[in-house]
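Asker: compute the structure for the input listed below.
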Amino acid sequence: MVESIARVRHIRVTPQKARRVVALIKGKQAQEALAILKFAPQGASEPIYKLVHAAIANASVKADRDGEYLDEQDLYVKNAYVDEGTTLKRFQPRAQGRAFQIKKRTSHITVVLATPEVADAAAETATTKKASK
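Answerer: Numbers count the residues shown, from 1 in each chain. Modelled structure (predicted):
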């Protein structure tokens, strides 16, 4: 019954490259996702690894606060997505006095971890609402 969210904002990775890495871990168990990210060759895998690790820590703190039992092996990546952050604009000098614009893109990455009971409870709530209508 635990759901935790971890976010990192303005990370200097392009959203397109970060989405490739996030697609690897969607729907996987949290420990399996950490193993995948640890050995992934992409540059975006390191900050996403730290983010998943932070989400696991958030879940354990939330469970302790609520007095619930949490086994970290039960957590899975319920949702993970990448939004586009601010773009840093820089200029590079070119021939004959011209300037070429360089766009340094940033990303906002969000990871949502949950235990399977949360997903089952949400499905039950949705079916109950449909049945009552």
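
Asker: how close does the residue nearest to Q29 when sequence neighbours are not counted get to A114?
Answerer: The shortest distance from Q29 to any non-neighbouring residue, by C-beta to C-beta, 6 or more residues apart in numbering, is to Y76 (4.9 Å). To be clear about C-beta, it is placed using only N, CA and C from the backbone, and glycine gets the same treatment. Y76 is 7 Å from A114, where distance means C-beta to C-beta, to the nearest Å.

Asker: now swap in K103 and tell me
Answerer: Distance from K103 to A114, by C-beta to C-beta: 35 Å.

Asker: looking at the two, which has the bigger crowd around it?
Answerer: A114 (23 against 9; other C-beta atoms under 10 Å).

Asker: checking Y81 next. Helix, strand or coil?
Answerer: strand (DSSP: H, G, I helix; E, B strand; the rest coil).

Asker: these two touch, right, it and A23?
Answerer: No. Shown here, Y81 and A23 do not form a contact pair, counting by C-beta atoms under 8 Å, at 10.1 Å.
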